[in-house]
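> quick one, what's the 3D model for this:
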Amino acid sequence: LNCHSELAIQWSIHVKFDDSTVVEFFDEHGFAKYWIDLLIPSVNSHFEESVVIDIYAEKKSLISTKLRVGQVSIMMSELYKKMEGTLRRNIIKENCSVGVFCMDFVIITPIDTALKCVKSENVENGQNYNSSLFVGHRGIGSRSTQNQCVENTLDSFITATEIPELCNHIELDVQLTKDGIPVVYHDFFLKHRGSDGSVLETPLYALNYQEFKQLSTENPLVHAPFCVEKEKAIKSLLESDVDNALLESVLDYLPEHTGIMVEMKYPTEEFLNESGLEYPKRNEFVDIVLETVLKSALNRSITFLSFDATLCMLLRRKQSRFPVFMLNSEVREHLDDEKDPRTTTFDGALEYALTLGFDGMVLLADMVLEDPMIAYRVKRNGLSLVTYGKASLKLENIIAQVESGVDNLIVDDVVRMATQYYDSLENINVKKLELKKVVRSVSSFDSEISFVTNTDFDQTKSEEVQS
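Numbers count the residues shown, from 1 in each chain. Okay, the predicted model is just below:
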């Protein structure tokens, strides 16, 4: 439960849940610092029970003045009816409404017990994150940065990790089709041509899997910008026996030593409202993807990522086997949530990541380049730090991030950038070796000079030798 109240800001607001948990609001927007877990063992036995919320206010002055503002009562059936969303209720005191209480909520359902008990042979819970410095963005790179392969396909993933010493992890994007099939695709809409030749955009979730497959593999417009190399790549996709679009196929056919960072794509509420796009509930989305991963990738390094703070919470609450990283760009990118305090700032994201026990953060590279202290704060709090973004297409930016303490970089054109970086290290090591040789030579030469200057050599000659 994340609560905010339309009460005067000069008061410090406290919320008490059923005589147990007390939360103090901490910012000018009235947002609570933490989400409150109300663990309900059985839906049937508690369906008609209510949650009683007492609200207190303490005036911010030298003399502490505390008073009871009122009470809010919410039936559990109201929450279960929606499973997630926002609930508004009047704050009641002495049978009068004295304010409005607004509560964002999500009911977290547990995953299948049988799946949760599945054990891998080589991976301990939460300890399977072991990536090379470079992680291939959508494989070898996004469609705007490379022309070798179609992004988010097996061809792209295998090309990126052909030399594991350069790159042994890839990042991919996962969404659900209308019939609940997890597919590897980045955009929320598919571009394609209608019967009259016009360009159409269809929401991915409005398509069942077969419709999605037909549009995503047979229409070159989907993979724009188009070029000869990409035409060959698309042709190879069409001729392949492997269904590149399925997450299950990627997990089955990608070599097991290749790790995967799975970005769970979920649109913001604003985007859903504006587009009229239907989307599955978060519980359904997470459960289906977890089931697919647990059945197909028992011994593979898997890490989950998402910009959606609530989705990250579900991923963490439902399992502890796979690391969960929170993505954040401080609302610098298109379709970022501009209202959620957990995502609009780095401070809010870091605090939430620590509160929920996430394993790391994935930040836009520009944030770390502009303020290296961000990297220090993430690392100081025991979290892993990964960056992404086009800033890492410049070698000097990669070096700066590594020096700041970044653990991994999700990079476009990953083979070229990784090669450049390791070549630069080789050059540095060669220069260091040459410098050591020069230093040794100079030291040896100094001792000779010391001997020479004590002889009867001409002083001028000695100065020339010294020089």
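
> give me the below-cutoff pLDDT ranges for the stretch 251-400 of the chain.
In the predicted model of the stretch 251-400 of the chain, residues 335 satisfy pLDDT under 70.

> now do the helices in it.
Assigned helices in the stretch 251-400 of the chain, in chain order: 269-275, 282-296, 309-318, 346-356, 365-370, 373-380, 395-404 (criterion: DSSP state H, counting those that start in this stretch).

> so which of those helices is nearest residue 170?
With Cβ to Cβ as the criterion, residue 170 lies closest to helix 282-296 of the helices of the stretch 251-400 of the chain, at 14.6 Å. All C-beta spots, glycine's among them, are computed from the backbone N, C-alpha and C.

> helices or strands up against the closest one?
Secondary-structure packing of helix 282-296 (3 or more Cβ pairs under 8 Å, 6 or more residues apart in numbering; DSSP states H and E): helix 113-116, strand 167-176, strand 182-184, helix 247-253, strand 259-264, helix 309-318.

> again, 6 Å this time
The contact analysis (3 or more Cβ pairs under 6 Å, 6 or more residues apart in numbering; DSSP states H and E) places helix 282-296 against strand 182-184, helix 247-253, helix 309-318.

> which residues in the stretch 1-150 of the chain form strands?
Taking DSSP state E, counting those that start in this stretch, the strands of the stretch 1-150 of the chain run over residues 2-5, 11-17, 21-24, 50-59, 65-75, 84-93, 96-106, 134-137.

> and among the ones you listed, the most buried is which?
Neighbour counts (mean count of other Cβ atoms under 10 Å) averaged over each of these peak at strand 134-137, with a mean of 28.

> using CSV, write down the CA coordinates of it.
This file holds the C-alpha atoms of strand 134-137, laid out as CSV (Å, rounded to 0.1, in the frame of the first residue of the first chain):
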residue,chain,number,x,y,z
PHE,A,134,29.6,-5.9,-21.5
VAL,A,135,26.0,-7.0,-22.1
GLY,A,136,24.6,-7.0,-25.6
HIS,A,137,21.6,-4.6,-25.9
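
> which one is residue 171 nearest to, not counting chain neighbours?
Using Cβ to Cβ, 6 or more residues apart in numbering and skipping residues adjacent in sequence, the residue nearest residue 171 is residue 261, 4.2 Å away.

> what about the one you found, neighbour count?
Per other Cβ atoms under 10 Å, the neighbour tally for residue 261 reads 26.

> what of residue 283?
Neighbour count of residue 283, defined by other Cβ under 10 Å: 19.

> which pLDDT value goes with residue 14?
At residue 14, the model reports a pLDDT of 57.

> what does residue 464 give?
Listed pLDDT for residue 464 reads 45.

> residue 373 and residue 367: what is the separation?
From residue 373 across to residue 367, the span is 11 Å (Cβ to Cβ, to the nearest Å).

> more neighbours, these two?
Neighbour count, other Cβ under 10 Å: between residue 373 and residue 367, residue 367 has more, with 19 against 11.

> among the helices of the stretch 251-400 of the chain, which comes closest to residue 191?
Residue 191 lies closest to helix 269-275 among the helices of the stretch 251-400 of the chain, at 14.6 Å (Cβ to Cβ).

> pull out the buried residues from that closest one.
Going by neighbour count (16 or more other Cβ atoms under 10 Å), the buried part of helix 269-275 is residue 271.

> gap between residue 163 and residue 57?
From residue 163 to residue 57 the distance is 62 Å (Cβ to Cβ).

> how near is the residue nearest to residue 171 to residue 90?
Residue 261 is 45 Å from residue 90, by Cβ to Cβ.

> burial of residue 259, as a residue count?
For residue 259, the tally of surrounding residues (other Cβ under 10 Å) stands at 24.
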